[in-house]
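Novice: coords please:
(chains A, B, C and D)
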Number of protein chains: 4
Amino acid sequence: MANSRFEYVRTFERENILLPQTHIVIRVDGRGFHKFSDFYEFEKPNDEIALNVMNESAKQLMKTIPDIIMAYGDSDEYSFLLRKDCQLFDRREFKLITTFSSSFSANYQYYWNKLNSSKPLNIERLPTFDARAIVYPNDLNVIDYFKWRQVDCHINNLYNTTFWNLVIKGNMTTKEAENKLIGTLSSDKNEILFKEFGINYNDLPEMYKKGTIFLREYIDFPISKYKEQPTNECLIRLIKRSKKTEIKQYHCDLIKDSFWSDRPYLLQ
Amino acid sequence: MANSRFEYVRTFERENILLPQTHIVIRVDGRGFHKFSDFYEFEKPNDEIALNVMNESAKQLMKTIPDIIMAYGDSDEYSFLLRKDCQLFDRREFKLITTFSSSFSANYQYYWNKLNSSKPLNIERLPTFDARAIVYPNDLNVIDYFKWRQVDCHINNLYNTTFWNLVIKGNMTTKEAENKLIGTLSSDKNEILFKEFGINYNDLPEMYKKGTIFLREYIDFPISKYKEQPTNECLIRLIKRSKKTEIKQYHCDLIKDSFWSDRPYLLQ
Amino acid sequence: MANSRFEYVRTFERENILLPQTHIVIRVDGRGFHKFSDFYEFEKPNDEIALNVMNESAKQLMKTIPDIIMAYGDSDEYSFLLRKDCQLFDRREFKLITTFSSSFSANYQYYWNKLNSSKPLNIERLPTFDARAIVYPNDLNVIDYFKWRQVDCHINNLYNTTFWNLVIKGNMTTKEAENKLIGTLSSDKNEILFKEFGINYNDLPEMYKKGTIFLREYIDFPISKYKEQPTNECLIRLIKRSKKTEIKQYHCDLIKDSFWSDRPYLLQ
Amino acid sequence: MANSRFEYVRTFERENILLPQTHIVIRVDGRGFHKFSDFYEFEKPNDEIALNVMNESAKQLMKTIPDIIMAYGDSDEYSFLLRKDCQLFDRREFKLITTFSSSFSANYQYYWNKLNSSKPLNIERLPTFDARAIVYPNDLNVIDYFKWRQVDCHINNLYNTTFWNLVIKGNMTTKEAENKLIGTLSSDKNEILFKEFGINYNDLPEMYKKGTIFLREYIDFPISKYKEQPTNECLIRLIKRSKKTEIKQYHCDLIKDSFWSDRPYLLQ
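Specialist: Next up, the predicted model:
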């Protein structure tokens, strides 16, 4: 508002506008959550309450920002997909990423206080998140992005589950457990879990193995009609007709193609 | 960690490294604080508790990030100055700005709950902040940046003080008060305050008029020695000797040159 | 090669990598060609030799850079389309645009000396070109880009043809001609040309009205086969089979959709 | 000019404005000059005519762009320093670098035809140059930039001089000469030159050893007055008084500090 002789300093400001007509993915990532989870004594390998705090935070963000069509998260990270024609903040990168990091942190603290009230937060160790934006020109690349994150979730969870069983039930030191797992394949870890601890990895909760997906679904979308005529024009017409959306939560496989082909509106 | 065939999607990530050897200023700014202040019924024109929450949040951030040498804030914004040779996050812009927006929001919520507990936060209206980074190659431009913000504080505070007195004590509608102030000079507003409400603007609290400054001061810096030999080499030598720093709070004038010349280490 | 203590200065270099999987358009544009065309006394409204110099320069660039699949030019500008999967210079923007501006200028001077030898170039007024890169995520946007340039060619050429006929044959001053054309529609200009100078605009050379197109055509591409099964997979298979390409020159309409649908490989 | 419905494609254009108040260095670099020098049978290790073509091209560019205050070149590259307050093309990077690459190429071809007319240029092998811009916030870093290039010139020239003497006078194959020089120090190369070929490296032409410097000198600048009072204000005052500038050519040492301290206006 001030129109002073010092205002010229604004000419040093720089701005990056994300390329139009590209899919925007924004990934928020816990800062120093390894130490954070130690400090607040998370259950290992998975702390259900902490994961619920993550999920509630993501869902709340999705409620307040209608441009988010999908979210996927596991551990201390969440990825949000924005509609290709999203104009939020005129696609200004700094506004987008700092809003996401700030809002996610705010939600997290709020839900932590609510869902985890036996562990009051300490000013020296508040939960914070960084955020980055990535733009993808093609549907294929976006789909591969989410597959990449879900494969990552699987690999990390199998490792952590085996590791913490070795430590907690197997009485190994963390160093010993680490050494034992060096060079092991997935099949080796499955076998350790089953033979040494009687755990069938497949029976573990889907949320731990697959992460959490939120979708803004067109609940009355006539997918069979679309599949009869799978063109862009048809898709747009069908979307326009089925205005009613709902945010739904899943812990399913998004690597198989049907996840995407059954919901063509996600990448529209 | 996952080394899957989907990992190629990382090649779409972009990174901006802030130019070396420049002063970095990061400004965090409340998102939608006009509505926020209505929702939580802030005192007008200044809510002392809310300002204290801002100040405590900034001070806490300064404690955790040693690269911050100075902070200046008023209303719902805070600007942080980082040392010219700061290597935090390798000067990666996205990391810097999202860490600042996230941490400031986290601190704010924490201190709000502590200092303002009679007004519990609502999930629909959590405090969030965006953040941007600006780099300045010269000392002069950085100094002008902070002068710009303090002039802005003054102009806004004089306006708001007059406006809210007209509304609260003068029983004007907000529209009437707005119309009355269109085209008025500072001197006009001072006169309204004095004649109509018996308020001498100069007597108002310095925090409202000047904003809040935090400095990481070298408490035993021999400024007189430096002024005898005001060279860069001398400055570096004197800084090295006076290791002991302390975060100090001020509500003073930073537009006069002595503020800067008395603390040459701020821009080193 | 030098590994000296000064080499740290390289850390100030910045690099922009054009987003993968996007269409790259590079447009070169004559610098100060208004004055250039006066200095070398171009024929008005169109100097055929100068246009040939442009066209030969573009064609030569296309010969040396196989990633260029299409070029369109008129007046003193040329736009080049690179394949979506182009990896030239690792998609580094500065390398791409300075190579195009430099090479185009070099070609232009070479062909000028050859085709226009009665007008030797003067060191004070050498032909130079700037260049910019634009990336497009979608086929539609690229097609619209070229349509934009061809519409621009048409509008400018109709204006210039009318303007110069008014000046040269109509004995108007340039100021008078300018004033006469203010606010006129295309139909008005067509009428002036016909009524005052007996010129039917449609009969003018296609090169002037439509500009020049170079295509790297797959000369034996079985377009009818593709239209039977217009999928991406089919396209890739057919392209692989029809390796033989040839650079062909056109002055045709690229605004009608058949131009693009008959050559689906242009945007692959 | 055309205001068509396709014009929206301009929204995909991106622009980088170089940070204000920084020194801009633009370096042009020959593309494929190793092959170029073979094709046109350059004298080895240094082709005086080709170097003169480089120097004349740089000088001509400096004449036409008053913002260039200094240039330094050797071999097939030239670096140009622009004034800190340069507003050329509003500091738009693409305009700056493509203008430099284009103009330098144009000048080079022009002067080649003039100074090297016995070797007519071939369309398959025209001289072209890429260009990049680097911004430096501090004087020290700019000075180090030019020192870096001159050290590079020295190291390369000593190597090339020794290498080509081994090949031409010593009748070695290029492979043998390369192997002989692996791991050698400067002193070793000096000794080879002296003992095997009777060449005292120090006696070789300064242009080969030091490269070429062009300065836009204030020919009547009262340097002694400035040294009496070496402040910024004094410098600006003295520059204003001594308006007369001249482009001067040197082959001197710019690594010693006096080169810079004697010409304080270079970095103003």
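
Novice: What parts of the stretch 101-250 of chain A come near chain C?
Specialist: A:Val135, A:Tyr136, A:Pro137, A:Asn138, A:Asn141 (Cβ under 8 Å from any Cβ of the partner chain). To be clear about C-beta, it is placed using only N, CA and C from the backbone, and glycine gets the same treatment.

Novice: Turn those residues into a markdown table, including distance to A:Thr245 and pLDDT.
Specialist: Output for those, formatted as a markdown table (distance: Cβ to Cβ, whole Å; pLDDT from 0 to 100):
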| residue | distance to A:Thr245 | pLDDT |
| --- | --- | --- |
| A:Val135 | 24 | 98 |
| A:Tyr136 | 22 | 97 |
| A:Pro137 | 25 | 96 |
| A:Asn138 | 24 | 94 |
| A:Asn141 | 25 | 96 |
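
Novice: Nearest to D:Thr128, out of these: which one, please.
Specialist: Proximity of those to D:Thr128 (Cβ to Cβ) peaks at A:Pro137, which lies at 30.1 Å.

Novice: which residues touch the closest residue to the closest one other than its chain neighbours?
Specialist: Nearest residue to A:Pro137, sequence neighbours excluded (Cβ to Cβ, 6 or more residues apart in numbering or on different chains): C:Pro137, at 3.5 Å. Neighbour list for C:Pro137: A:Leu19, A:Pro20, A:Gln21, A:Thr22, A:Pro137, A:Asn138, C:Leu19, C:Gln21, C:Thr22, C:His23 [criterion: Cβ atoms under 8 Å, 6 or more residues apart in numbering or on different chains].

Novice: Identify those among these that sit within strands.
Specialist: If you go by DSSP state E, those have C:His23 in strands.

Novice: roughly how far apart are A:Thr99 and chain C?
Specialist: According to Cβ to the nearest Cβ, to the nearest Å, A:Thr99 and chain C sit 23 Å apart.

Novice: ok, now A:Lys210?
Specialist: From A:Lys210 to chain C the distance is 28 Å (Cβ to the nearest Cβ).

Novice: same thing with A:Ile17?
Specialist: With Cβ to the nearest Cβ as the criterion, A:Ile17 and chain C are 13 Å apart.

Novice: could you list every residue that touches that residue?
Specialist: Contacts of A:Ile17 (Cβ under 8 Å, 6+ apart): A:Asp90, A:Arg91, A:Arg92, A:Glu93, D:Arg14.

Novice: Thought A:Arg14 was touching the third one, still the case?
Specialist: Translated: A:Arg92. No. Look at A:Arg92 against A:Arg14 with Cβ atoms under 8 Å: they stay out of range, at 10.9 Å.

Novice: neighbouring contacts of stretch A:85-103?
Specialist: Applying Cβ under 8 Å, 6+ apart, the contact partners of stretch A:85-103 are A:15-18, A:20-21, A:24, A:26, A:28, A:61, A:64-65, A:67, A:80, A:82, A:128-133, B:31, B:94, B:97-102, B:104-105, B:126, B:128-133.

Novice: Now, the residues you listed that are in helices?
Specialist: Judged by DSSP state H, the contacts of stretch A:85-103 include A:Leu61, A:Thr64, B:Phe94, B:Ile97, B:Thr98, B:Thr99, B:Phe100, B:Ser101, B:Ser102, B:Phe104, B:Ser105 as members of helices.

Novice: all helices for the stretch 151-268 of chain A, in order.
Specialist: Under the criterion DSSP state H, counting those that start in this stretch, the stretch 151-268 of chain A carries helices at the ranges A:174-181, A:186-197, A:206-210, A:223-228, A:232-241, A:258-261.

Novice: Tell me which of the ones you listed sits most buried.
Specialist: Among the helices of the stretch 151-268 of chain A, the stretch with the highest mean neighbour count (mean count of other Cβ atoms under 10 Å in any protein chain shown) is helix A:206-210, at a mean of 18.

Novice: Show me what that helix packs onto, helices and strands only.
Specialist: Packing contacts for helix A:206-210, counted by 3 or more Cβ pairs under 8 Å, 6 or more residues apart in numbering or on different chains; DSSP states H and E, involve helix A:139-168.

Novice: Chain D contacts on chain A?
Specialist: Neighbours of chain D within chain A, by Cβ under 8 Å from any Cβ: A:Thr11, A:Phe12, A:Arg14, A:Ile17, A:Leu19, A:Pro20.

Novice: Kindly recompute the last result at 7 Å.
Specialist: Counting by Cβ under 7 Å from any Cβ of the partner chain, chain A comes close to chain D at A:Thr11, A:Phe12, A:Leu19, A:Pro20.

Novice: ok now do the last one, which residues does it touch?
Specialist: Taking Cβ atoms under 7 Å, 6 or more residues apart in numbering or on different chains as the contact definition, A:Pro20 lies against D:Thr11, D:Phe12.

Novice: For chain A, which helix or strand comes out least confident on mean pLDDT?
Specialist: Sorting the helices and strands of chain A by mean pLDDT, DSSP states H and E puts helix A:232-241 at the bottom, at a mean of 88.
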